[in-house]
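> show me the folded form of this:
(one chain, ligands or ions: 1)
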Amino acid sequence: MDKSIKKIGVFTSGGDAPGMNAAVRATVRAARGMQIDVCGIYNGYDGMIQGSFEPDIEHKIANIIQRGGTILKTARSKQFMTPEGRSKAYKNLKSQGIDALVAIGGNGTYTGAMKLGNEHDIAIIGLPGTIDNDIYGTDYTIGFDTAINTAIEAVDKIRDTADSHNRLFFIEVMGRHAGYIALHTGIGSGAYTVFLPETETDIPQFVQDLKKQRKKLFNMVIVAEGNTNGNAHEIAQKVKSSGFDQDIRVAVIGHLQRGGSPTCHDRVLASRLGYNAVRCLLDGDKGIALGIVNDKLQKTPFQEAIKEQKALNEDLLNMLNLLSK
Ligand code: F6P
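So this is what the prediction gives:
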């Protein structure tokens, strides 16, 4: 056990994700159970620089496991991207007696954590908190399951009206760089196909294939916001221009996907990761991102987690396209 760790700081950073609160709660409760103090940090790296600490976090975490968003708030900090900003943050952490950190967020959060840990004497463990599921070293990120369930609920409702009017719907979901939300929403909703950031779609070919559909009078296409053909509105326009004469509508689900009460899957994942973050810190681990792969805890150095691209499961994409025809 690393006896030098007396106080852990916990914070959330980047885009919020349902289940972040469950991860904060698990970190705080696990630390308390292991006789370690915890301090909350508001507004991510920005709060570190501004000295926005919550020493009484233990009394703020009751009744939050079911809440979406993050009670610690979140922010993106330009100042922390500079060595001066990180030095200031480190000084503030030391003034609070914080000697280790649990950082909950995405790749940007991991990059900041890696730099802080390389430049200063502080042990940091990262937990994957983002709805995008685009973090290497974990099968699922905290928030992804809730986000796809929110998306599915919306798409099921759109299906009713698409069916009634025999319309083609382009439904945009989040995912600037990754298509996991779109792919899973597409499979789960029985969509005709998906447009992803990772794949190229030939629009004229898509229109031709769609016209060949004999039995289906309505269709839904799930579009990830980062698709190379543009957003859902732009794609709808291109499809119209390519000679598709059926009624087309567009729906953008947007930030609805970021909110809401986390699913049980996300709560369990967040609890496992928060608990293990404290255990790993006490075992002497630092500079690593935690994940769950094949139901087992996985430790990935920050550098690798940031550099490696989580591969999209091509087989799932092929399956979707086969099952929807
Ligand atoms: O959390 C990740 C993500 O949802 C992306 O898919 C999306 O592009 C982005 O956040 C939008 O974030 P914001 O509105 O906070 O800038």
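> does the ligand sit close to the strand or helix carrying Met48?
Using DSSP states H and E, Met48 sits in helix 44-50. No - using Cβ under 6 Å from any ligand atom, we find that helix 44-50 stays clear of the ligand, coming within 12.3 Å at best. (Glycine included, C-beta is placed from N, CA and C.)
> so how far is that helix from its chain's centroid?
Distance, stretch centre to chain centre, for helix 44-50: 21 Å (Cα atoms, centre = their mean, to the nearest Å).
> and the average pLDDT for that helix is what?
Averaged across helix 44-50, the pLDDT comes to 98.
> now stretch 112-130
The model assigns stretch 112-130 a mean pLDDT of 98.
> the helix or strand containing Leu101 vs the ligand: in contact?
Secondary structure assigned from DSSP H and E places Leu101 in strand 100-105. No - using Cβ under 6 Å from any ligand atom, we find that strand 100-105 stays clear of the ligand, coming within 9.3 Å at best.
> please name the strands paired to that strand in the sheet, noting orientation.
Applying DSSP bridges to the sheet, strand 100-105 is found paired with strand 7-12 (parallel), strand 123-128 (parallel).
> give me the residues contacting the helix holding Met48.
Residues outside helix 44-50 that contact it (Cβ atoms under 8 Å, 6 or more residues apart in numbering): 9, 11-14, 41, 43, 52-53, 72-77, 79-80, 85, 88-89, 92-93, 105, 109, 112.
> which secondary structure element contains the residue lying closest to Thr27 once chain neighbours are set aside?
Using Cβ to Cβ, 6 or more residues apart in numbering and skipping residues adjacent in sequence, the residue nearest Thr27 is Gly274, 4.1 Å away. Under the criterion of DSSP H and E, Gly274 resides in helix 264-282.
> and the next element down the chain from that helix?
Remark: after helix 264-282, the chain's next helix or strand is strand 288-293, criterion DSSP H and E.
> and the helices in the stretch 201-325 of the chain?
For the stretch 201-325 of the chain, helices defined by DSSP state H, counting those that start in this stretch occupy the ranges 203-212, 232-241, 264-282, 302-307, 314-323.
> circling back: turn the strands paired with strand 100-105 into TSV, including mean neighbour count.
Shown next, in TSV, are the strands paired with strand 100-105 (neighbours: other Cβ atoms under 10 Å):
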stretch	mean neighbour count
strand 7-12	27
strand 123-128	29
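> what number of residues lie near Gln298?
Close neighbours of Gln298, defined as other Cβ atoms under 10 Å, add up to 16.
> what's the neighbour count on the nearest residue to it once chain neighbours are set aside?
Spatial nearest neighbour of Gln298, chain neighbours left out: Gly291 (4.6 Å); criterion: Cβ to Cβ, 6+ apart. By the criterion of other Cβ under 10 Å, Gly291 has 25 neighbours.
> let me see the contact set for Gly291.
Counting by Cβ under 8 Å, 6+ apart, Gly291 has contacts Pro128, Ile135, Gly137, Thr138, Asp139, Leu273, Leu297, Gln298, Thr300.
> from memory the last one sits against Ile125, does it?
In other words, Thr300. No - taking contacts as Cβ atoms under 8 Å, Thr300 lies outside contact range of Ile125: 11.0 Å.
> am I right that Glu153 sits in a helix?
Yes - using DSSP: H, G, I helix; E, B strand; the rest coil, the assignment for Glu153 is a helix.
> next, the angle from the strand holding Leu101 to helix 264-282.
Counting by axes from the mean of the first three to the mean of the last three Cα atoms, to 10 degrees, strand 100-105 lies at 150 degrees to helix 264-282.
> tell me which element the residue in the chain that the ligand sits nearest to falls in.
Closest approach between the chain and the ligand, counting by Cβ to the nearest ligand atom: Gly15, at 2.7 Å. Secondary structure assignment for Gly15, by DSSP H and E: no helix or strand.
> ditto for Gly112
Using DSSP H and E, Gly112 falls in helix 107-119.
> the spatially closest residue to Thr111 that is not a sequence neighbour: neighbouring residues, count only.
Spatially, and ignoring its direct neighbours in sequence, Thr111 is nearest to Ile306 (5.7 Å; Cβ to Cβ, 6+ apart). For Ile306, the count of nearby residues is 20 (other Cβ under 10 Å).
> what's near enough to touch Leu168?
Contacts of Leu168 by Cβ under 8 Å, 6+ apart are Ala162, Leu210, Phe218, Asn219, Met220, Val221, Val239, Phe244, Gln246, Asp247, Ile248, Arg249.
> hmm, back to that, which one (most neighbours) among the contacts of Gly291?
Among these, Pro128 has the most neighbours (other Cβ under 10 Å), with 34 neighbours.
> if we can go back for a sec, what's next to the helix holding Gly274, contact-wise?
By Cβ under 8 Å, 6+ apart, helix 264-282 touches 1-2, 5, 8, 18-27, 30-31, 34, 36, 65-66, 100, 102, 123, 125, 127-129, 140, 142-146, 262, 288, 290-292, 297, 299.
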